[in-house]
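Participant: Based on what follows, work out the 3D shape:
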Amino acid sequence: MIETEDAQGRLRNRHPIAVIDIGSNSIRLVIYEGLVRAPSVLFNEKVQCGLGRGIAETGNMDPRAVTDALAALRRFRALADQARVERLMILATAAAREAGNGAAFIEEAESILRQEITVLSGREEALYSAYGIQSAFRDIDGIMGDLGGGSLEVVEMQGKHIGDGMTMPIGVIRLSERAAGDYEKAVLIAREDLKKAAFLKDGSGRNFYAIGGTWRNLAKLHMASKKYPLYVTHHYEMDAAKATGFLKKVGRNNVEKLPGIEDVSRSRRALLPYGAIVLAELIRAMKPAKVIFSSAGVREGYLYSLLDEHQRNRDSLIEAAEELSILRSRSPRHARELADWTGKAFKAFGIDETEDERRYREAACRLADISWRAHPDYRGDQALNVIAHGSFTQIDHPGRAYIALANYFRHDGLKSGTLAPEIRLITSDRIWERSRYLGAFFRVAYLFTAAMPGVIGDVTWREKPDGSMELVLPRRLAELHGARPLGRVNQLAKTIGREISLVVDV
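Facilitator: Predicted coordinates for the structure are as follows:
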């Protein structure tokens with residue numbers, strides 16, 4: 001890794017890589033800290049060039065759009081050099097592969113960028129989008145759709161299996177031009193094109209995974225319309241059957257009156273109706289149970305494809321939590337010990353966990369100390385906000401709430417009177433209860449460890465014949481007994497509803 005003075009905010013032994021994505025609507029540069037399972041973004045910039053505009057009518061990319069795109073690429077090459085990028089990957093999609101002047105554009109762009117550009121076929125674009133979903137979700141079941149400016153790619157997916165797929169010329173720019181601004185015509189075009197994807201019917205009752213900036217902006221508007229408390233688009237879920245009215249309203253170009261529209265760029269607003277039309281017609285053809293929005297797409301899928309199988313199988317949530325622990329906690333080793341100790345504690349008290357709940361608990365342990373540098377009065381709020389809004393994948397919104405709340409309770413106590421009530425709306429009673437349990441265990445553990453390793457593994461649980469529990473300190477830790485930890489143990493007992501005593505092993 002290139003030296004960055006005395007910076008401690010980056011992980012060691014990481015070599016920056018970057019992807020330039022030349023799309024039909026925008027061109028984007030994303031620089032990542034390294035090629036790993038949960039890559040962190042060092043820099044991200046997008047330029048709206050509109051390369052796909054005019055192709056439906058003229059067959060060529062607009063000369064002005066080409067000029068803007070080449071200027072953006074010059075800047076992006078310079079930025080990649082400035083960031084000491086060791087590996088630059090450049091992908092081009094529908095506009096570049098379909099336009100009559102696409103080959104000439106690619107040749108000039110390669111000269112500017114000083115390397116070859118990979119022009120993805122429709123099949124390759126669909127495959128990398130599917131990889132993006134695999135990188136960012138667990139238990140995948142349904143159909144993925146990636147909506148760009150020029151095309152829509154749809155692929156059937158089940159777990160690690162990638163099934164049938166196809167590409168259609170109903171990206172938001174292409175559809176707007178084919179329909180000449182006519183809503184009813186756009187609906188009919190999208191409906192007819194989607195009929196060609198016969199496998200959409202196999203998605204009935206399953207999930208539709210939505211990729212693309214236009215659809216993510218629709219998700220933001222939908223959140224605003226519902227006053228949804230967690231403003232994170234990744235894994236935001238929309239009930240498909242209830243979404244029709246909202247999508248029709250957007251499709252009829254009523255966007256300027258919608259709550260949240262101020263968060264959508266003006267260049268994107270004109271395309272929102274066409275994104276809504278395509279999504280509404282997909283729901284009509286597929287009849288999914290839910291629409292789930294994804295922050296991961298072609299770029300992330302392409303990086304995922306470069307990993308070996310062992311790396312792909314890593315848990316991106318745990319990897320990201322581990323990295324934050326290394327960067328921000330007092331002892332990452334202590335965080336890992338805490339994950340082991342709380343697992344044993346849950347088992348001792350008969351607190352059952354699903355596989356995802358186990359993952360969330362282990363991630364919460366790794367994140368339990370990331371706000372220690374904050375003022376004590378604000379550690380809980382800081383932990384809550386950093387975790388709830390973190391760039392995590394392979395986690396749904398209730399899972400984010402579980403991890404965030406457990407760490408809020410760890411710092412601010414188990415009373416929720418000061419907690420924003422909205423966060424409660426996205427948690428089930430079960431998640432709420434377990435987050436309080438975990439927070440209570442944290443509050444006990446840290447009084448014995450002072451956030452340092454080598455202690456908590458020797459503090460054990462023992463069930464007495466009458467069903468009550470003992471928290472047992474080994475003799476070497478006897479001096480850690482005291483009124484303060486005893487109070488926390490009593491608080492834990494009250495939270496869980498079981499008698500607990502603190503004893504020193506004889």
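Participant: my read: residue 328 touches residue 368, true?
Facilitator: No: here residue 328 does not reach residue 368: they are 10.7 Å apart, not a contact under CB atoms under 8 Å. For the C-beta atoms, the positions are set from N, CA and C on the backbone; glycine is no exception.
Participant: State the distance from the residue positioned nearest the centre of the chain to residue 227.
Facilitator: Closest to where the C-alpha atoms of the chain average out (CA atoms, centre = their mean) is residue 393, at 3.8 Å. According to CB to CB, to the nearest Å, residue 393 and residue 227 sit 25 Å apart.
Participant: Neighbour count: residue 328 and residue 368, which is higher?
Facilitator: residue 368 (30 against 17; other CB atoms under 10 Å).
Participant: could you measure residue 325 against residue 412, distance?
Facilitator: 20 Å.
Participant: Quick check: which ranges of the protein have low pLDDT?
Facilitator: Within the chain, the ranges that satisfy pLDDT under 70 run 1-7, 416-421.
Participant: can you give me the strands for it?
Facilitator: Assigned by DSSP state E, the chain shows strands spanning 17-22, 26-32, 41-48, 87-92, 118-119, 141-147, 152-158, 161-168, 207-211, 237-239, 290-293, 460-463, 469-473, 500-504.
Participant: Would you map out the domains in this structure?
Facilitator: What automatic domain parsing lists as the domains of the chain is 17-119, 123-300, 316-451.
Participant: Tell me which of those domains sits nearest to residue 479.
Facilitator: Closest approach to residue 479 among the domains of the chain is made by domain 316-451 (10.8 Å; CB to CB).
Participant: how long is the closest one from one end to the other?
Facilitator: Using CA to CA, to the nearest Å, the end-to-end distance of domain 316-451 comes out at 25 Å.
Participant: Check stretch 93-101 too.
Facilitator: Stretch 93-101: ends 14 Å apart by CA to CA.
Participant: buried stuff in that stretch?
Facilitator: 93, 94, 95, 96, 97, 98, 99, 101 (16 or more other CB atoms under 10 Å).
Participant: Can you pull the phi and psi angles for residue 314?
Facilitator: Taking degrees, to the nearest 10, you get phi -70, psi 150 for the backbone angles of residue 314.
Participant: Hmm, it is touching residue 135, no?
Facilitator: No: if you go by CB under 8 Å, residue 314 and residue 135 don't touch, sitting 10.4 Å apart.
Participant: Name the residue in those two with the higher neighbour count.
Facilitator: Neighbours around residue 314 and residue 135, counted as other CB under 10 Å, are more numerous at residue 135. The numbers are 24 against 15.
Participant: Now do the same contact list for that one.
Facilitator: 296, 300, 301, 303, 304, 312, 316, 393 (CB atoms under 8 Å, 6 or more residues apart in numbering).
Participant: Please name the residues that touch the fourth one.
Facilitator: For residue 303, the set of contacting residues under the criterion of CB under 8 Å, 6+ apart consists of 17, 19, 32, 35, 39, 135.
Participant: ditto for the first one
Facilitator: Residue 296 sits next to 132, 133, 135, 136, 211, 234, 393 when contact means CB under 8 Å, 6+ apart.
Participant: out of those residues, who's nearest residue 249?
Facilitator: Among these, and counting by CB to CB, the member closest to residue 249 is residue 211, at 22.6 Å.
Participant: close enough to count as contact, the closest one and residue 137?
Facilitator: No: under the criterion of CB under 8 Å, residue 211 is not in contact with residue 137, lying 11.2 Å apart.
Participant: quick one: stretch 259-275 to chain centroid distance?
Facilitator: 21 Å (CA atoms, centre = their mean, to the nearest Å).
Participant: Quick one: end-to-end distance for it.
Facilitator: Taking CA to CA, stretch 259-275 runs 17 Å from one end to the other.
Participant: re the thing from before, for the contacts of residue 296, give me JSON lines that also has distance to residue 81.
Facilitator: Formatted as JSON lines, these follow (distance: CB to CB, whole Å):
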{"residue": "132", "distance to residue 81": "27"}
{"residue": "133", "distance to residue 81": "32"}
{"residue": "135", "distance to residue 81": "27"}
{"residue": "136", "distance to residue 81": "29"}
{"residue": "211", "distance to residue 81": "30"}
{"residue": "234", "distance to residue 81": "30"}
{"residue": "393", "distance to residue 81": "29"}
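Participant: Any of those buried? List them.
Facilitator: Buried among these by 16+ other CB under 10 Å: 132, 133, 135, 136, 211, 234, 393.
Participant: For residue 138, list the residues it contacts.
Facilitator: Each residue near residue 138 by CB under 8 Å, 6+ apart is listed here: 356, 394.
Participant: just checking, residue 220 touches residue 264?
Facilitator: Yes: using CB under 8 Å, residue 220 is in contact with residue 264, at 6.8 Å.
Participant: can the contacts of residue 303 go into JSON lines with extra columns for distance to residue 453?
Facilitator: Below are the contacts of residue 303 laid out as JSON lines (distance: CB to CB, whole Å):
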{"residue": "17", "distance to residue 453": "33"}
{"residue": "19", "distance to residue 453": "37"}
{"residue": "32", "distance to residue 453": "30"}
{"residue": "35", "distance to residue 453": "30"}
{"residue": "39", "distance to residue 453": "28"}
{"residue": "135", "distance to residue 453": "31"}
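Participant: between those, which is nearest residue 119?
Facilitator: residue 19 (14.4 Å).
Participant: For that closest one, name its beta-bridge partners.
Facilitator: With DSSP bridges applied, residue 19 shows beta-bridge pairing to residue 30, residue 89.
Participant: ok, it touching residue 91?
Facilitator: Yes: counting by CB under 8 Å, residue 19 does reach residue 91; the two are 6.6 Å apart.
Participant: how far away is residue 229 from residue 122?
Facilitator: 38 Å.
Participant: Which of the two has more residues huddled nearby?
Facilitator: Between residue 229 and residue 122, counted using other CB under 10 Å, residue 122 has the larger neighbour count: 20 against 16.
Participant: which residues sit in contact with that one?
Facilitator: 94, 97, 151, 153, 166, 167.
Participant: Mind doing that once more with 6 Å?
Facilitator: residue 167 (CB atoms under 6 Å, 6 or more residues apart in numbering).
Participant: ok, back up a step: now for the buried residues of stretch 93-101, which pair is the farthest apart?
Facilitator: Top of the distance list for the buried residues of stretch 93-101 (CB to CB): 93 and 101, 15.7 Å.
Participant: which residue packs closest to residue 258, ignoring adjacent ones?
Facilitator: residue 221 (5.3 Å; CB to CB, 6 or more residues apart in numbering).
Participant: Repeat that for residue 47.
Facilitator: Nearest in space to residue 47, with sequence neighbours left out and distances taken as CB to CB, 6+ apart, is residue 72 at 4.1 Å.
Participant: That neighbour contacts residue 28, correct?
Facilitator: No: with contact defined as CB atoms under 6 Å, residue 72 does not reach residue 28; the gap is 9.2 Å.
Participant: Name the residue in the two with the higher neighbour count.
Facilitator: Neighbours per residue (other CB under 10 Å) separate residue 72 from residue 28, with residue 72 holding more: 23 against 19.
Participant: And for the residue nearest to the centre of the chain, nearest residue in space, chain neighbours not counted?
Facilitator: Using CB to CB, 6+ apart, the nearest residue to residue 393 is residue 136, at 3.9 Å.
Participant: now swap in residue 43 and tell me
Facilitator: For residue 43, ignoring the flanking residues on the chain, the nearest one in space by CB to CB, 6+ apart is residue 31 at 4.2 Å.
Participant: ok, now which ones touch that neighbour?
Facilitator: By CB under 6 Å, 6+ apart, residue 31 lies in contact with 16, 18, 42, 43, 83.
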